[in-house]
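Chemist: kindly generate the corresponding structure for this input.
(chains A and B)
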Amino acid sequence: MTAIRSLLRDLAPGHVFVLPAMLVLALFFLVPVFGALAMSFTDFDIYAMADLKNLRFIGLDNYINLLHTPLFWKAFGNTCYFALVGAPLSIIVSLGMAMALNVPGVGLKPVFRTALFAPYVATLVAAAVIWRYMLDAQYGWLNQFLLVIGLRPIDWLGNPHFSMPAIILFSVWKNFGYNMLILLAALQRIPDDLYEAARVDGAGPWERFIHVTLPGVAPSLWMVALLTVAGYFQLFAEPYVMTQGGPAQSTVSLLYFMYQDGFKWWNLGHASATAFILFAVLIGLSFLRPKGEEVFA
Amino acid sequence: MTMPRLTVEKVLVTALLVVASLAASFPLLWMVSMSFMPEAEANAFPARLFPHDPTLANYAELFAHQRMGRFLVNSLLVSSLATCLSLIFNVTAGYAFAKLEFRGRQKLFQFLLALVVIPGQLTMLPLFFQLKTLGLLNSYGGVVVPFMASLFGIFLVRQYALSLPDEMLQAARVDGASEWQIFRRIVLPNLSPIIVTLGVFTFLMAWNDFLWPLIVLSDDHNYTLPLAIASLSQEHIQDSGMVMACATVTIAPVILLFLALQRHYVRGLLAGSVKG
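Modeler: All right, here's what the predicted structure looks like:
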């Protein structure tokens, strides 16, 4: 008792203020992270859930097994496709809209900004459900639009070649608003004098974009790119709601694969290995971050 | 001389913004419009933009026969609980990291910064097992666990609290106030803008969250709105009017909350991405 009491006396008030949050993070974040690592080396399944005595250490077997699972590679490829095509597309839209909102003298900007940002705030799952109707092969507005401009309608969610582009289209619509606001803030920090000086030097709009705008937003753009790619690697709800991973497994993502593996078939050890491979990808991405920039997301 | 060109640029940019804003909000506006269509109109071909004969029948059906009220209450309770817990844990810790001296503060903070790269999904499988052991599966408590203390919340509050003047806190200490009194009477009121920001953020994240509640909640009685609409849309995809009404009930509250607290929300969004 006295030992505890003297320990408490040594604690600064600061310790007491951070203690609750640190305990919660330790218990519900750090412990599970190490738990996931440990689990990925075991055959943790529904029998182990019932009684931990059934748990066996199997070394790297889960990882080796994954590398021989075609669906894992399919999911890995699909996720890379989504992240490496979807993220750049959404950033281009974000930058374009941010630049439009940054043109001086254009009216109603708060209204435009809010309308453009609304999809980002909307509940992802509900928005994905709306888009199932938007993308409907017969009734959908997207195909109506294609017909109007003289193109043939597309079976967006039923054709394995178009299912991922459809999800990318949806995600760009859903997410561009977030990066738009960040890039808009970066654009507003570029001094007007720089544009003026470039104009005096005879630079046209394209040259001003290349030599003033891009260097000005480059640090933000780099960070936005990394965060967006990392976020897009965590694709889950869109295929769950819009395609259930189909057709022909063309929209199974790493997380969708992990969810099915872990929570439908109860291969928790095997699924943990998938989670760690996803983690390794994200760690790899984080090394591309410019030095001295702190990001929290 | 450059005036006419600038005007052309303005007109083009305004046109672009009008078209883009319409395209961005179209699916949401169509959702609301369709939620008021009677069944025949909602399923008409070609699809309709506006109801000819608006009705509340879809909403009536949802609340009377699809337990919509229950799901709405679940979502409200889960998101409110997540918000309260997040504020309690993150505001105290964020303030301490900014303004209180204690042994190991720097090292602990560096450690937290290093944890940022770990994706939350990594913790889900073991956390599921932990909650099963604690008997928290299928409960509101289980759903809010990941929201209680967050790196984002702690960093956000710390960043803001750094700007509190030390003299103000020191003066209170000289007057004999305890650290807890200083926190309650001086720090909290001065942190209120960031408390609103963190509150809106957490509420929206908890409201919109899908994967974790999907894992924790197995009994559909406890479903939050995203789970409810996911399952409704799988069973009743032909009842498009009703599904759209369900989407409207899910999305409208967050859009309204965002519109009301836009300034606070955007502050948090920018703080989370520019350099700290």
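
Chemist: any idea which residue sits dead centre in chain B?
Modeler: B:Leu204 (1.2 Å; Cα atoms, centre = their mean).

Chemist: my error: substitute chain A in the last question.
Modeler: A:Gly231 (1.7 Å).

Chemist: what helix or strand does it sit in?
Modeler: According to DSSP states H and E, A:Gly231 maps onto helix A:214-232.

Chemist: which of the residues in that helix are buried?
Modeler: Across helix A:214-232, burial judged by 16 or more other Cβ atoms under 10 Å in any protein chain shown covers A:216-217, A:220-221, A:223-232. C-beta here means a position set from N, CA and C on the backbone, and glycine is covered the same way.

Chemist: do stretch B:226-246 as well
Modeler: Those buried within stretch B:226-246 under the rule 16+ other Cβ under 10 Å are B:226-230, B:232-233, B:239-246.

Chemist: what pLDDT, on average, does it get?
Modeler: For stretch B:226-246, mean pLDDT is 94.

Chemist: need the pLDDT of residue 114.
Modeler: In the absence of a named chain, this looks at chain A. On the pLDDT scale, A:Thr114 gets 95.

Chemist: was after chain B, sorry
Modeler: For B:Ala114, the model assigns a pLDDT of 91.

Chemist: that one: how many residues sit nearby?
Modeler: Neighbour count of B:Ala114, defined by other Cβ atoms under 10 Å in any protein chain shown: 9.

Chemist: same question, A:Asn62
Modeler: For A:Asn62, using other Cβ under 10 Å, the count is 23.

Chemist: how about the longest helix belonging to chain A, does it reach chain B?
Modeler: Longest helix in chain A by number of residues, with DSSP state H as the criterion: helix A:163-188. Yes - counting by Cβ under 8 Å from any Cβ of the partner chain, chain B has neighbours in helix A:163-188: A:Trp173, A:Gly177, A:Tyr178, A:Leu181, A:Ile182, A:Ala185.

Chemist: tell me the mean pLDDT for that helix?
Modeler: Rounded mean pLDDT across helix A:163-188 is 97.

Chemist: so which elements touch it?
Modeler: Under the contact criterion of 3 or more Cβ pairs under 8 Å, 6 or more residues apart in numbering or on different chains; DSSP states H and E, helix A:163-188 touches helix A:87-101, helix A:109-121, helix A:124-134, helix A:214-232, helix A:237-242, helix B:3-35, helix B:262-271.

Chemist: how about these in TSV, adding distance to A:Leu147?
Modeler: Formatted as TSV, those follow (distance: least, Cβ to Cβ, whole Å):
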stretch	distance to A:Leu147
helix A:87-101	24
helix A:109-121	24
helix A:124-134	14
helix A:214-232	30
helix A:237-242	22
helix B:3-35	17
helix B:262-271	37
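
Chemist: how about the ones you listed, which one is nearest B:Asp175?
Modeler: With Cβ to Cβ as the criterion, B:Asp175 lies closest to helix B:262-271 of the helices and strands packed on helix A:163-188, at 31.8 Å.

Chemist: packing partners of the closest one?
Modeler: Counting contacts by 3+ Cβ pairs under 8 Å, 6+ apart, helix B:262-271 packs against helix A:163-188, helix B:151-161, helix B:192-208.

Chemist: and the next element down the chain from the second one?
Modeler: Once the chain leaves helix B:151-161, the next helix or strand it forms, by DSSP H and E, is helix B:166-174.

Chemist: that older thread, I'd say the residue nearest to the centre of chain B and B:Leu261 touch.
Modeler: No - if you go by Cβ atoms under 8 Å, B:Leu204 and B:Leu261 don't touch, sitting 9.6 Å apart.

Chemist: returning to that earlier point: which of the buried residues of helix A:214-232 are close to chain B?
Modeler: Among the buried residues of helix A:214-232, chain B is touched by A:Ser220, A:Met223, A:Val224, A:Leu227, A:Ala230 when using Cβ under 8 Å from any Cβ.

Chemist: secondary structure element holding A:Ala137?
Modeler: Applying DSSP H and E, one finds A:Ala137 in no helix or strand.

Chemist: and among the helices and strands packed on helix A:163-188, the most buried is which?
Modeler: A comparison of the helices and strands packed on helix A:163-188 by mean neighbour count, using mean count of other Cβ atoms under 10 Å in any protein chain shown, puts helix A:124-134 on top with a mean of 25.

Chemist: ok, and what's touching the following helix or strand past that one?
Modeler: Of the helices and strands lying after helix A:124-134 in sequence (DSSP H and E), the nearest is helix A:141-148. Helix A:141-148 is contacted from outside by A:Met134, A:Leu135, A:Asp136, A:Ala137, A:Arg152, A:Pro153, A:Ile154, A:Trp156, B:Phe26, B:Trp30, B:Pro46, B:Ala47, using Cβ atoms under 8 Å, 6 or more residues apart in numbering or on different chains.

Chemist: now with 10 Å, please.
Modeler: A:131, A:133-138, A:140, A:151-156, A:166, A:169, B:26-27, B:30, B:46-47, B:49 (Cβ atoms under 10 Å, 6 or more residues apart in numbering or on different chains).

Chemist: next: stretch B:177-186.
Modeler: Contacts of stretch B:177-186 (Cβ under 10 Å, 6+ apart): A:12-14, A:16-17, B:91-92, B:95-96, B:99-100, B:164, B:168-173, B:175, B:187-188, B:191.

Chemist: now swap in stretch B:69-80 and tell me
Modeler: With Cβ under 10 Å, 6+ apart, stretch B:69-80 has contacts from A:123, B:62-63, B:67, B:139-144, B:147, B:199, B:202-209, B:213, B:217, B:220-229, B:231-232, B:246, B:249-250, B:253-254, B:257.

Chemist: show me what contacts the residue nearest to the centre of chain B?
Modeler: B:Leu204 touches A:Val121, A:Thr123, B:Ser79, B:Thr83, B:Pro253, B:Val254, B:Leu257, B:Phe258, B:Leu261, B:Tyr265, B:Gly268, counting by Cβ under 10 Å, 6+ apart.

Chemist: tabulate these (JSON lines), appending pLDDT and distance to A:Thr42.
Modeler: Below are the contacts of B:Leu204 laid out as JSON lines (pLDDT from 0 to 100; distance: Cβ to Cβ, whole Å):
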{"residue": "A:Val121", "pLDDT": "96", "distance to A:Thr42": "41"}
{"residue": "A:Thr123", "pLDDT": "98", "distance to A:Thr42": "36"}
{"residue": "B:Ser79", "pLDDT": "98", "distance to A:Thr42": "35"}
{"residue": "B:Thr83", "pLDDT": "98", "distance to A:Thr42": "36"}
{"residue": "B:Pro253", "pLDDT": "97", "distance to A:Thr42": "42"}
{"residue": "B:Val254", "pLDDT": "96", "distance to A:Thr42": "40"}
{"residue": "B:Leu257", "pLDDT": "96", "distance to A:Thr42": "43"}
{"residue": "B:Phe258", "pLDDT": "95", "distance to A:Thr42": "44"}
{"residue": "B:Leu261", "pLDDT": "94", "distance to A:Thr42": "46"}
{"residue": "B:Tyr265", "pLDDT": "90", "distance to A:Thr42": "42"}
{"residue": "B:Gly268", "pLDDT": "86", "distance to A:Thr42": "39"}
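
Chemist: now residue 13: closest residue in space that isn't a chain neighbour?
Modeler: Just so you know, I chose chain A. Counting by Cβ to Cβ, 6 or more residues apart in numbering or on different chains, the nearest residue to A:Pro13 once its immediate chain neighbours are dropped is B:Glu179, at 3.9 Å.

Chemist: wait, chain B was what I had in mind.
Modeler: With Cβ to Cβ, 6+ apart, the residue lying closest to B:Val13 is A:Val103, at 4.7 Å.

Chemist: stretch B:91-105: end-to-end distance?
Modeler: 16 Å (Cα to Cα, to the nearest Å).
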